[in-house]
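>>> need the 3D shape of this:
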Amino acid sequence: MTQKQSHDYFNELKDKLNEHSYRYYVLDQPTISDAAYDRMYQELKHLEALHPEWVTRDSPTQRVGDKLLEGFTQVRHSEPMYSLDNAFDQDDVARFLKRVKEQGGEDLEFMVEAKIDGLAVALVYEDGELVQGATRGNGEVGEDITNNLRTIKSVPLRLRQDQGVEVRGEAFMPKAVFAALNTERDQEGLEPFANPRNAAAGALRQIDPQQVAKRQLDVFIYGAVTNPSFTPSSQSEAFEQLKELGFKTNPYRKLCRTEEEVMDFLEELTRVRHELPYDIDGAVIKVNDYALQESLGFTVKAPRWAMAYKFPAEVAETELLHIDWTVGRTGVVTPTAVMAPVHLAGTTVQRATLHNVDYIETLDLYQGDTVAVQKAGDIIPEVTTVIKAHRSSQAVPVDIPQVCPECHSDLVRLHEEVALRCINPLCPAQALAQLTYFVSRGAMDIRGLGQRVLEELLKAGLIQDVADLYYLQEEDFMQLPNTKERSAHNLYTAIQGSKKHSYERLLTGLGIRHVGAQIALQLAQHFPSLKELMQAEAREIEKIDGIGSRISQSLIQYFLNEDHQRLIQRLKEAGVQMTYDGPSLEELDVRDNYFADKTVVLTGALSTYTRAEARSLLENLGARVTGSVSGNTDILIAGAEAGNSLTKAKSLGTDILTEDEFIKLLEESE
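You can find the predicted model right below:
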């Protein structure tokens, strides 16, 4: 064969292998034997070894890389990945359906989908090629796990059409794979994973893609961010378009037109859940029509047009051994039942929540009682009832503590609170809980600084509060047991690096009641510095959509406290950022620059920015960034080795910018 014939044959072979992978892993309809596929695969590898310049990222041989990751960088989602409000029984579902019908009319359709018990992911395709995969994170910002998601064989490396789209889905571990993995771990003397979801989460956090590939994860895609080349009018139509593009979707779904149809399908899912080859923990009910979805809108955390129905909890009986009382970061002392191990909803359970003292008294709980345990929402084990017929005549009531289990200060019950509370501000348990929350991924995200290290720092007297972390030196860590020089350097570097975070992370980490990550972000967007927020009046705070008096009063009370003022001042003096560095509301709304309100496509390799960085810069300037060129595209930014997109843009008369022109216009816009 000539060189051209050989190259044509190579491309044909690659396309055939991708097609066979699609039929096997997505459609579950293989058309050739495994042996035949393997022969074609080895032939492709041989040709790529002879002609390494022919290798492309969408080749089946490039699914699993051999390069270890140095860590996971953050990715801001093009649109938030919202969580869902929960329904725990059919009455909750009926209320949701009634509310939506009151706003949208009686003649509505609902798409009901099996809810996969996995991890939410986002996949970005440009010109049909997978360019980025990320975790959900906090909904606004996730972590780039592209190389790990590429190992999932049902994730297409190239779509069946050359277009751009960002899809959302759920990565999971099939039950059979999970069982085999735990058998293997047991043989190796390793601790088995608790459930498939934990095993999948652990896999996607691996820094070695080859190890991820061994976990044999799968994915179902359930939606996408609409753009000029992906414009379904409904959820049912979106599934058809996703299927045409080559994505694997969960076939266990139903389009329902009446409340009765919705309820019947929920009951069917409840019956068959354990027969499915993957775990589901309920169903997702969505308004089918996209125009109505847009009209219904969102709350701070969730869409008003969708709801997650959680299966009725499974119940098991076991013996109460004793109760652990633990102190949280706000001083609340929480009881946890420690029980004889029992199998419940696919996992072995030994601990369950008892909520508070009132709950224990309502249960009439005695030491050694036989109790019924269930998983609330299939996640959190809780004691629900006492089987009094099994109670011993010598049993005595549970002893309610009068003093803090950590600092031995008297416990109190504040007005109208059911919780026992330690009000000693120097309680070490509260300090540890507050520090643990402060350094967590959802707050200041200080990697490596876990609870064990924090306990040792407290015990050594090196820290008392979160501000003390920023005054530690490398040699301070060397005082801790089993801490070597490299570990000390990494911990110090991680703490110093966290100073640069935009201040909504600090606001989250301070642990102000009712102020989580999403509320903190909204506050930061409206008040660009912590100083401005501290000086804001309640009425100013309550102007923010979704924020009421409970949150505003909690903020004002926190900032009036002199101890909190001193803490914030020490954080400021240590160099912790007190300003917001994301796009403000004014920046998002006032768009007077070259890119404002333009539809932009990025193609080719950029040398100055990563694709994600360039996309973020453009979106901050009010541009809409899509993955493929169409008649709606205003600007194409062409990096090195720009391919089909550049050709198509020229044929459509689209404005084309080189990377240098792009950077110059960016500077002018800023």
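>>> hey, let's count contacts and neighbours off CA atoms from now on
Will do.
>>> who touches the longest helix seen in the chain?
Longest helix in the chain by number of residues (criterion: DSSP state H): helix 3-21. With contact meaning C-alpha atoms under 8 Å, 6 or more residues apart in numbering, helix 3-21 is reached by 30-32, 37, 40-41, 44, 47, 54, 59-60, 153-154.
>>> go through these and name the one nearest Thr633.
Nearest to Thr633, judged by C-alpha to C-alpha, of these is Ser59 at 28.4 Å.
>>> helices of the stretch 301-450 of the chain, residue ranges please.
For the stretch 301-450 of the chain, the helices defined by DSSP state H, counting those that start in this stretch occupy 357-363, 428-439.
>>> tell me which residues in the shortest one are buried?
Under the neighbour-count criterion of 16 or more other C-alpha atoms under 10 Å, helix 357-363 has 357, 360, 363 buried.
>>> can you show me the CA trace of that helix as CSV?
Written as CSV, here are the backbone C-alpha positions of helix 357-363 (Å, rounded to 0.1, in the frame of the first residue of the first chain):
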residue,chain,number,x,y,z
VAL,A,357,-32.1,14.0,73.9
ASP,A,358,-35.8,14.6,73.2
TYR,A,359,-35.7,11.8,70.5
ILE,A,360,-34.1,9.4,73.0
GLU,A,361,-36.8,10.2,75.6
THR,A,362,-39.6,9.8,73.0
LEU,A,363,-38.2,6.3,72.1
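>>> distance from it to the middle of the chain?
34 Å (C-alpha atoms, centre = their mean, to the nearest Å).
>>> next: the longest one.
Centroid separation between helix 428-439 and its chain, computed with C-alpha atoms, centre = their mean, is 23 Å.
>>> who's in contact with that helix?
With contact meaning C-alpha under 8 Å, 6+ apart, helix 428-439 is reached by 327-331, 406-407, 443-447, 449-451, 454-455, 458, 464-466, 506, 508-511.
>>> helix or strand next in line after that helix, which one?
Using DSSP states H and E, the helix or strand that follows helix 428-439 in sequence is helix 451-459.
>>> now do that next one against helix 428-439, angle only.
Counting by axes from the mean of the first three to the mean of the last three C-alpha atoms, to 10 degrees, helix 451-459 lies at 130 degrees to helix 428-439.
>>> contact partners of the helix or strand just after helix 451-459?
As assigned by DSSP H and E, the chain's next helix or strand after helix 451-459 is helix 474-477. The contact list for helix 474-477 (C-alpha under 8 Å, 6+ apart) reads 457, 462, 483, 488-489, 491-492.
>>> also stretch 167-178?
Residues from elsewhere that reach stretch 167-178 (C-alpha under 8 Å, 6+ apart): 116-124, 195-197, 199-200, 215-225, 277-279.
>>> now the end-to-end length of that stretch.
Taking C-alpha to C-alpha, to the nearest Å, stretch 167-178 runs 26 Å from one end to the other.
>>> chain center to that stretch: distance?
15 Å.
>>> please apply the same query to stretch 457-467.
In terms of C-alpha atoms, centre = their mean, the centre of stretch 457-467 is set 31 Å apart from its chain centre.
>>> show me where pLDDT drops low in the stretch 1-150 of the chain?
Applying pLDDT under 70 to the stretch 1-150 of the chain flags residues 24-26, 28, 34, 64-71.
>>> find the centremost residue of this structure, please.
Arg136 (2.9 Å; C-alpha atoms, centre = their mean).
>>> for it, list the residues it contacts.
81, 119-122, 142-143.
>>> restricted to strands, list those residues.
Judged by DSSP state E, those include 119-122, 142-143 as members of strands.
>>> show me which of these is closest to Ile656.
Comparing the ones in strands among the contacts of Arg136 against Ile656 with C-alpha to C-alpha places Ala122 closest, at 28.3 Å.
>>> mind checking how far the spatially closest residue to the closest one that is not a sequence neighbour is from Leu510?
Excluding its sequence neighbours, the residue lying closest to Ala122 (C-alpha to C-alpha, 6 or more residues apart in numbering) is Arg168, at 4.6 Å. As judged by C-alpha to C-alpha, Arg168 and Leu510 stand 32 Å apart.
>>> ditto for Ile446
As judged by C-alpha to C-alpha, Ile446 and Leu510 stand 14 Å apart.
>>> what is the subsequent helix or strand relative to the worst-scoring helix or strand of the chain on mean pLDDT?
Lowest by mean pLDDT, DSSP states H and E among the helices and strands of the chain is helix 585-589, with a mean of 53. Moving toward the C-terminus from helix 585-589, the next helix or strand (DSSP H and E) is strand 599-603.
>>> ok, how many other residues are close to Tyr9?
Using other C-alpha atoms under 10 Å, Tyr9 has 15 neighbouring residues.
>>> show me where the stretch 501-650 of the chain has its helices.
Under the criterion DSSP H, counting those that start in this stretch, the stretch 501-650 of the chain contains helices at 503-509, 517-526, 530-535, 538-541, 549-560, 562-573, 585-589, 611-620, 644-652.
>>> distance from the chain centre to the third one, please.
Same thing as helix 530-535. Centre to centre, stretch against its chain (C-alpha atoms, centre = their mean), the figure for helix 530-535 is 29 Å.
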